[in-house]
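Chemist: dropping the sequence and predicted coords here.
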Amino acid sequence: MIIIFYFLVGVGAIVFQSTVSEYFNIWLGARPDVMVLIVVYLGLQRSQETGLIGGFILGLFQDVLSGGLLGANALSKGLIGHATGSLRRNVSGREALFHALLVFFATIFDSILSVTLMFVFLPDVPIHPQYWVDAGKTTLLNTFLAPLLVGLLVGAEERIFPAAAGTPYPERS
């Protein structure tokens, strides 16, 4: 049953990324990368494997919908999911500042890896300086939205599946 919940979260992220994020671009001049937010959530709530697989699948859908370099988002989101899943054991609390910082660094990593892959696989395509401005705006927007979205999803999961959600972090004495 929890797999259906994660499937619906993924579908919601894909729909949000392809439709509603354009309104953010009109109002704020930046588009949030909801896939990074969902992948961080998956990694923190479940495990390295779930973060890796969920990140890869969501990144692949993002690649197909954006029409960019196929596999670039799949690689970066998969690596982000795996890294956040590995942090799961070392976290002692669910703090909004931690989620914001984690998404901040994950979004920066995603932007840098995308440019690196573009340089490697498409060396003739120039990177416009506006890309870095947009990446900075996206990083700030994701950082602001991270505690809200991750907290909302954790709360929804705990309300829908109270026994399955539990506390994803180890108890420390």
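Modeler: Perfect, thanks for sending it. Residues are numbered from 1 along each chain as shown.
Chemist: could you use CA atoms for every contact and neighbour count after this?
Modeler: Will do.
Chemist: mind giving me the packing neighbours of the helix ranked longest in the chain?
Modeler: The longest helix of the chain (DSSP state H) is helix 130-160. Counting contacts by 3 or more Cα pairs under 8 Å, 6 or more residues apart in numbering; DSSP states H and E, helix 130-160 packs against helix 34-45, helix 96-121, helix 162-165.
Chemist: enumerate the positions of the longest one that are buried.
Modeler: By neighbour count, and taking 16 or more other Cα atoms under 10 Å as the criterion, the buried residues in helix 96-121 are 99-104, 106-111, 113-115, 117-118.
Chemist: tell me who's in contact with the residue nearest the centre of the chain.
Modeler: Note on the chain: the residue nearest the mean C-alpha position is residue 36, at 1.3 Å, using Cα atoms, centre = their mean. By Cα atoms under 8 Å, 6 or more residues apart in numbering, the contact set of residue 36 is 77, 80, 103, 106, 107.
Chemist: farthest-apart pair in those, please.
Modeler: 77 and 103 (11.7 Å; Cα to Cα).
Chemist: ok, residue 130 - how many residues close by?
Modeler: Neighbour count of residue 130, defined by other Cα atoms under 10 Å: 9.
Chemist: list the buried residues of the strand or helix carrying residue 11.
Modeler: Secondary-structure assignment from DSSP states H and E places residue 11 in helix 2-15. Buried residues in helix 2-15, counted by 16+ other Cα under 10 Å: 6, 10, 13, 14.
Chemist: list the contacts of that helix.
Modeler: By Cα under 8 Å, 6+ apart, helix 2-15 touches 34, 35, 38, 58, 61, 62, 157, 161, 164.
Chemist: can you add distance to residue 45 and give these back as TSV?
Modeler: Output for the contacts of helix 2-15, formatted as TSV (distance: Cα to Cα, whole Å):
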residue	distance to residue 45
34	16
35	15
38	10
58	16
61	21
62	22
157	10
161	13
164	11
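Chemist: let's see if you can find the most crowded of the residues you listed.
Modeler: Ranking the contacts of helix 2-15 using other Cα under 10 Å puts residue 38 first, with 27 neighbours.
Chemist: my guess is residue 78 meets residue 59, correct?
Modeler: Yes: between residue 78 and residue 59 there is a contact at 7.3 Å, judged by Cα atoms under 8 Å.
Chemist: how near is residue 144 to residue 153?
Modeler: From residue 144 across to residue 153, the span is 15 Å (Cα to Cα, to the nearest Å).
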